[in-house]
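>>> please find the sequence and the predicted model below.
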Amino acid sequence: TLPAPDEETFERVCKPLGPGGWNRIMESLSLLHYFKRSVVRLTLAKEWNFKDVEKYAEIFNRFEFRFLELKSAVPMGGAMYRLSNEQVIKQDELRTFAQKIEKLTDFKILDEQKESLVLLMSKEDSDDRMLTLPN
């Protein structure tokens, strides 16, 4: 999970308990190229981290990973105490955000699930992007 486009937003939204959290996230992203099925997930909410697409794109262009998943945060479970319905990102807003990412990176929209408010991106599509269970 990449919770913010920059360290300032990370500190404000995540309220980390100790120092160096942002640097550890960047270090983790630098290791993703070692994994075959690497995914970076953005769980986005208005007034929190649904902003600065250019800064997100700079991060995506710095690191190698296979999939990018954009998801709207929803007020369910424990999040219902921190998140309002007004902060939920609609699917068309999520798609517009992804289209901006397409213009700034090599990632392209592959698929989306409107009911789940989620969208999948990758630099290239492949048959193995769908996980199958072993027999």
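Great, that's in hand.

>>> now do the same contact list for the closest residue to His33 other than its chain neighbours.
Leaving aside its chain neighbours, His33 sits nearest to Glu64 (3.8 Å; criterion: Cβ to Cβ, 6 or more residues apart in numbering). (C-beta placed from N, C-alpha, C; glycine too.) The neighbours of Glu64, taking Cβ atoms under 8 Å, 6 or more residues apart in numbering as the test, are 32-33, 38.

>>> emit the PyMOL select command for whichever of those are buried.
PyMOL command restricting the contacts of Glu64 to the buried ones, with burial defined by 16 or more other Cβ atoms under 10 Å:
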select buried, resi 38
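
>>> ok, the contacts of Glu64 vs Ala57, which is closest?
Leu32 (16.4 Å; Cβ to Cβ).

>>> who touches the closest one in this structure?
38, 40, 63-65.

>>> the residues you listed in strands, which ones?
Filtering those for membership in strands, criterion DSSP state E, returns Val40.

>>> pLDDT averaged over the lengthiest helix in the chain - what is it?
The longest helix of the chain (DSSP state H) is helix 91-104. For helix 91-104, the mean per-residue pLDDT is 98.

>>> just checking: what are the partner strands of the helix or strand just after it?
Counting by DSSP states H and E, the next helix or strand C-terminal to helix 91-104 is strand 108-113. Strand 108-113 sits in its sheet next to strand 118-122 (antiparallel), going by DSSP bridges.

>>> kindly calculate the angle that the strand it pairs with makes with helix 91-104.
Using axes from the mean of the first three to the mean of the last three Cα atoms, to 10 degrees, one finds that strand 118-122 and helix 91-104 are set 10 degrees apart in direction.

>>> for strand 118-122, which outside residues touch it?
Contacts of strand 118-122 (Cβ under 8 Å, 6+ apart): 66-72, 91, 94-95, 98, 101-102, 107-113, 129.

>>> go on, stretch 92-106?
Contact with stretch 92-106 is made by 44, 50, 53-54, 56-57, 60-61, 68, 70, 72, 89, 107-109, 112, 117-119, 121, 123, as judged by Cβ under 8 Å, 6+ apart.
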